[in-house]
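Chemist: no sequence on hand, only this structure:
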Ligand SMILES: Cc1cc2nc3c(=O)[nH]c(=O)nc-3n(C[C@H](O)[C@H](O)[C@H](O)COP(=O)(O)OP(=O)(O)OC[C@H]3O[C@@H](n4cnc5c(N)ncnc54)[C@H](O)[C@@H]3O)c2cc1C
């Protein structure tokens with residue numbers, strides 16, 4: 001089947017507008033963002049969000065019945081490539097993680113009453129959310145191992161356990177919590193998805209670790225971006241706060257991942273474009289040993305490798321998006337795993353080269369490159385570690401591989417015998433005619 005990544009002229013106009021809007025209105029927020037209070041920051045972003053809403057581009061990843069455009073992953077991918085240019089762009093466009101994925105999850109599993117309570121306010125940006133699946137004492141790569149427990153007691157769920165790396169939990173109005181509801185069930189039917197409102201007695205934030213992005217502890221208090229260690233000690237929530245059925249946790253968690261990974265990957269491509277532009281500018285601006293940096297072959301090697309890697313990651317991601325649009329998420333698992341792993345790897349490579357090309361300046365916080373590098377590093381772990389995605393890729397390609405007895409299919413002496421037999425008549429005829 002042919003792939004088609006072409007863009008209609010009207011949609012290209014939308015992309016062009018987005019690119020200009022991100023570069024002119026959102027990128028200038030970056031150099032001052034950390035000096036601003038949350039109120040000051042919101043004063044700047046709220047009118048930008050209004051402009052995005054006016055153009056019908058707010059939360060574009062959602063289905064039309066939820067106020068999105070149902071435009072498909074390919075177009076969304078192209079949009080996210082532009083949004084990746086600035087960390088502030090996703091929140092201006094209503095698709096910042098984890099709210100975007102949580103809204104999708106709630107939309108799939110929630111009753112009408114639950115949607116009234118949480119989904120619409122989340123989509124309108126009136127409330128914020130956190131997603132909490134990972135735990136400190138079991139491998140997040142194997143969520144069937146989670147131990148945080150939610151037990152039904154009358155018309156309440158009682159939660160006990162620990163959670164880890166719940167991004168934004170300290171500023172969230174609701175936490176979408178995955179906890180064991182059916183301990184005796186099959187591994188993928190053991191957990192349910194529950195909504196834990198802010199301030200629920202028995203839920204405390206034990207720790208906000210510093211990270212590579214923000215090394216100091218609790219670095220972003222009140223701002224979002226912290227990854228919280230949560231403690232649940234007999235925390236009680238209403239029975240109605242369960243999304244779907246007990247045991248639906250895995251199904252719901254899986255649903256929020258496919259498109260989100262394409263968006264992650266395309267945003268990383270956006271990061272790469274920015275680093276690549278910075279790299280090219282420096283190479284033609286600075287000289288060493290009597291010639292421009294751009295004329296040194298080792299520098300050209302860095303440009304060539306970066307260009308090829310960005311292009312391959314971009315095309316692979318667009319192909320994954322196209323496959324998802326045409327064959328659905330479940331038939332795109334290998335493609336999605338490939339781009340989740342490969343886009344993060346490429347981003348690390350390109351950012352590392354950009355830092356190298358800028359030398360000492362690249363290593364400083366006077367340029368955004370080192371910060372982009374530290375942030376991008378998370379994507380080799382978050383949302384599934386590289387190795388886990390590689391397992392998915394390998395399983396996909398190995399599943400229909402045929403074992404062979406004796407010599408391998410490519411064994412040349414065996415193939416030679418076969419070839420001599422296959423062409424025996426022609427060879428003999430030709431020999432007689434000589
Ligand atoms: C920035 C960031 C934000 C995050 N936000 C959230 C969030 O909001 N909510 C949430 O619930 N979680 C979140 N996480 C957690 C994330 O999902 C987990 O870190 C991830 O699933 C890996 O789990 P782990 O950290 O327990 O590592 P482990 O599962 O202990 O894995 C450690 C390493 O072991 C190796 N490994 C594990 N399994 C395999 C395997 N099958 N084959 C080969 N090697 C393997 C890999 O190298 C892996 O990196 C976030 C993480 C980061 C870094």
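Modeler: Received it, and whenever you're ready, just let me know what you need. Remember, it's a predicted structure, so these values are computed and weren't measured experimentally. Numbers count the residues shown, from 1 in each chain.
Chemist: strands of the stretch 151-300 of the chain, start to end?
Modeler: Ranges of strands in the stretch 151-300 of the chain, per DSSP state E, counting those that start in this stretch, are 156-167, 174-180, 191-197, 203-207, 227-238, 242-243, 287-288, 291-292.
Chemist: ok, the stretch 1-150 of the chain next?
Modeler: 129-132, 149-153.
Chemist: so which of those strands is the most packed in?
Modeler: Ranked by mean neighbour count, these are led by strand 129-132 with a mean of 26 (mean count of other Cβ atoms under 10 Å). C-beta here means a position set from N, CA and C on the backbone, and glycine is covered the same way.
Chemist: show residues contacting that one.
Modeler: 98-99, 101-103, 105, 118, 122, 163, 166-169, 172-178, 196, 228, 230, 256 (Cβ atoms under 8 Å, 6 or more residues apart in numbering).
Chemist: in stretch 60-73, what counts as buried?
Modeler: Neighbour-count burial for stretch 60-73 flags 60, 61, 62, 66, 67, 68, 69, 71, 73 (criterion: 16 or more other Cβ atoms under 10 Å).
Chemist: per-domain residue ranges of the protein.
Modeler: 9-96, 129-250, 257-398, 408-434 (automatic domain parsing).
Chemist: quick one: end-to-end distance for the second one.
Modeler: If I follow you right, that is domain 129-250. Between the opening and closing residues of domain 129-250 there is a gap of 19 Å (Cα to Cα, to the nearest Å).
Chemist: give the buried residues for stretch 344-356.
Modeler: For stretch 344-356, by 16+ other Cβ under 10 Å, it's 344, 345, 346, 347, 348, 349, 350, 351, 352, 353, 354, 355.
Chemist: quick one, which of the domains of the chain gets closest to residue 114.
Modeler: domain 129-250 (6.7 Å; Cβ to Cβ).
Chemist: and that closest one with the ligand, contact?
Modeler: Yes. Against the ligand, domain 129-250 shows contacts by Cβ under 6 Å from any ligand atom at 131, 132, 133, 134, 139, 140, 141, 165, 166, 167, 227.
Chemist: can I assume the fourth one is in contact with residue 161?
Modeler: Read it as residue 134. No. Applying Cβ atoms under 8 Å as the test, residue 134 and residue 161 come out as separate, 11.8 Å apart.
Chemist: how many neighbours does residue 179 have?
Modeler: The number of residues packed around residue 179, counting by other Cβ atoms under 10 Å, is 28.
Chemist: circling back to that earlier point, residue 213 is nearest to which of the strands of the stretch 1-150 of the chain?
Modeler: That would be strand 129-132 among the strands of the stretch 1-150 of the chain, by Cβ to Cβ, at 16.8 Å.
Chemist: what pairs with the closest one, parallel or antiparallel?
Modeler: As defined by DSSP bridges, the strand partners of strand 129-132 come to strand 174-180 (parallel).
Chemist: okay, the domains of the chain in CSV with mean pLDDT next?
Modeler: Listed next are those as CSV, based on pLDDT from 0 to 100:
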stretch, mean pLDDT
domain 9-96, 92
domain 129-250, 94
domain 257-398, 96
domain 408-434, 92
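Chemist: distance to residue 113 added to those domains, as a markdown table?
Modeler: Output for the domains of the chain, formatted as a markdown table (distance: least, Cβ to Cβ, whole Å):
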| stretch | distance to residue 113 |
| --- | --- |
| domain 9-96 | 16 |
| domain 129-250 | 7 |
| domain 257-398 | 26 |
| domain 408-434 | 60 |
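Chemist: correct me, but residue 206 touches residue 233?
Modeler: No. Counting by Cβ under 8 Å, residue 206 stays clear of residue 233, with 10.5 Å between them.
Chemist: tell me which parts of this protein are close to the ligand?
Modeler: Looking at the ligand, the residues of the chain close enough under Cβ under 6 Å from any ligand atom are 98, 131-134, 139-141, 165-167, 227, 378, 381-385, 387-388, 391.
Chemist: which single residue in the stretch 101-250 of the chain comes nearest to the ligand?
Modeler: Going by Cβ to the nearest ligand atom, the ligand is nearest to residue 140 of the stretch 101-250 of the chain, at 2.4 Å.
Chemist: which ones are touching that residue?
Modeler: Taking Cβ under 8 Å, 6+ apart, we find residue 140 in contact with 133, 134, 164, 165.
Chemist: how about the helices in the stretch 251-400 of the chain?
Modeler: With helices called from DSSP state H, counting those that start in this stretch, the stretch 251-400 of the chain shows them at 258-285, 297-327, 333-363, 369-377, 386-398.
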